[in-house]
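> Below are the sequence and a predicted model for it; my questions follow.
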Amino acid sequence: MLNGLLPKKSQRNTWFEVNNQILNALFTLMCLYQHPKRFHHLVLLCRWKLEDISALRKIYCKNGTYKPYEWTHMMVVVALLHVNCFAQYALCGLNLGYKRSKRPAVGVGICLCVAIAAPAIAGVYSVVSPLGREYDSEVDEEGQVQTLTNGSTQLSHLRRNSLEKRFSFALRNEQRIVEYAPKWKGGLFDVWDNISIGYLSLFCCFCVFGWNMERLGFGNMYVHIATFVLFCMAPFFIFNLAASNIDNEIVREALGLTGVVLCLFGLLYGGYWRIQMRKRFNLPANNFFCGKPAVADCTQWLFCCWCALAQEVRTADFYDIMEDKFCRKQKDENAQPPLSPLPREDGAARFRSNPTSLPWNSSRFSKLRTEKSSNYPHSPNGQLPLVQEFSAEGPDTFMKPPDLSSMQRED
């Protein structure tokens, strides 16, 4: 069939080369998009902190639980995935750097075999190794991790920090009011509500996007920045380099135009995460496109990415972020912090009457007296000295400290 459509050998060679360059560009883009995340996993393995271990287990371990010698097995899988990326880059270099007639077949074959075999081996290894098996859940996961790393001393320290973090978070969460029906802060084009965010979204779009995603709990900032940049720029360079090896002028221009279009569609990366933000925090959906809010989110990023990003940042600034919930920001009625330090002068505490303060309006706080009781062994006669203080009606006075000579210690 192909010989009938392309009777000349030169035409068939051109067709093969076009297909080869397109496939090479697509596979290279796939590796480029995945490589920032794989570099991040390598950094987590090298750092190997408690929160890093938990994140890596969710990705590489079955059921997200502890596995024997998990660090070694994870490193093998991550290394194979990096080999896959670098082999594809080498193959891309051979396809782009040489004409079809001068391209070394041995080098192309080796790179192609390694690029295909590495991820396949990584997948099989993840299944047959301890990473893909189930083990006794009664094993103390944190204890195993720290035994393999720094011993029981660091284990107790990490446990204490984990508990402190957990309970302190619960305490903070109790003080927050959860917003179960949050709203977008302003409309899509209300950039004047916070012009500084609008300018940052325009001139530092990638950095602001990554920073906003990390504080919303959607992953590492640098991974988002690198991935977004690759989505929006890599197709242009890859497809234009691939077009340089094609002699047909029409095909060459078509490949160049394809690269530009794919760069524009790279903005859908922001649309995808806008969808995730709306679903996680229960933000109102836009049903303008036939009742399909996902299409509306992607369209907003395609045609007005800076406005969409500014709206997301304003919304995240308007609320306090607690895990997967938006909470109302705490504000004092008088725009003052809820706890203020006590006024002190020369080391003595001063107490003044304030008619507007609630506690001192009550008559029971006008005087502080003590009752006679034998249960107070702080004075020789079993009675505390009388302390006279101010009242709301009387003049301001100071509390006098007790006489040190009247304070005795009983054996």
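Thanks, I have the structure now.

> C-alpha from now on. contacts and neighbour counts both.
Fine.

> Quick one: residues contacting residue 63.
Applying CA atoms under 8 Å, 6 or more residues apart in numbering, one finds that residue 63 lies in contact with residue 134.

> In stretch 46-63, which residues are buried?
48, 53-54, 56-57, 60-62 (16 or more other CA atoms under 10 Å).

> Check stretch 16-28 too.
By neighbour count with 16+ other CA under 10 Å, stretch 16-28 contains the buried residues 17-18, 21-22, 24-25, 27-28.

> Residue 204: which of those residues is nearest?
residue 28 (26.4 Å; CA to CA).

> Show the model's pLDDT score for that closest one.
For residue 28, the pLDDT comes out at 95.

> Please give the element, helix or strand, for it.
Using DSSP states H and E, residue 28 maps to helix 9-47.

> packing partners for the very next helix or strand once past that helix?
Sequence order places helix 50-60 as the next helix or strand after helix 9-47, per DSSP H and E. Packed against helix 50-60 by the contact rule (3 or more CA pairs under 8 Å, 6 or more residues apart in numbering; DSSP states H and E) you find helix 9-47.

> quick one, the helix it packs on and helix 50-60 angle?
Helix 9-47 runs at 140 degrees relative to helix 50-60, counting by axes from the mean of the first three to the mean of the last three CA atoms, to 10 degrees.

> and the strand or helix carrying residue 93, average pLDDT?
Assignment of secondary structure by DSSP H and E places residue 93 within helix 70-97. Average pLDDT, helix 70-97: 95.

> The helix or strand following that helix to helix 9-47, inter-axis angle?
Once helix 70-97 ends, the next helix or strand along the chain (criterion: DSSP H and E) is helix 105-128. With the same axes, to 10 degrees applied, the angle from helix 105-128 to helix 9-47 works out at 40 degrees.

> now residue 45: how far from residue 32?
Counting by CA to CA, to the nearest Å, the separation of residue 45 from residue 32 is 20 Å.

> What of residue 251?
24 Å.

> who's more crowded, the two?
A side-by-side neighbour count of residue 251 and residue 32, using other CA atoms under 10 Å, places residue 32 first with 20 against 15.

> Would you enumerate the residues in contact with the more buried one?
Residues in contact with residue 32 (CA under 8 Å, 6+ apart) are 85, 227, 230.

> Nearest to residue 307 among the buried residues of stretch 46-63?
Out of these, the one with the shortest distance to residue 307 is residue 56. That distance is 34.5 Å, counting by CA to CA.

> Break down the stretch 251-400 of the chain into its strands, ranges please.
Defined through DSSP state E, counting those that start in this stretch, the strands belonging to the stretch 251-400 of the chain, from first to last, are 320-322, 325-327, 344-345, 348-349.

> Quick one: residues in contact with whatever helix or strand residue 250 lives in.
For residue 250, the element it lies in under DSSP H and E is helix 249-265. For helix 249-265, the surrounding residues in contact (CA under 8 Å, 6+ apart) are 18, 231-240, 242-244, 246, 302.
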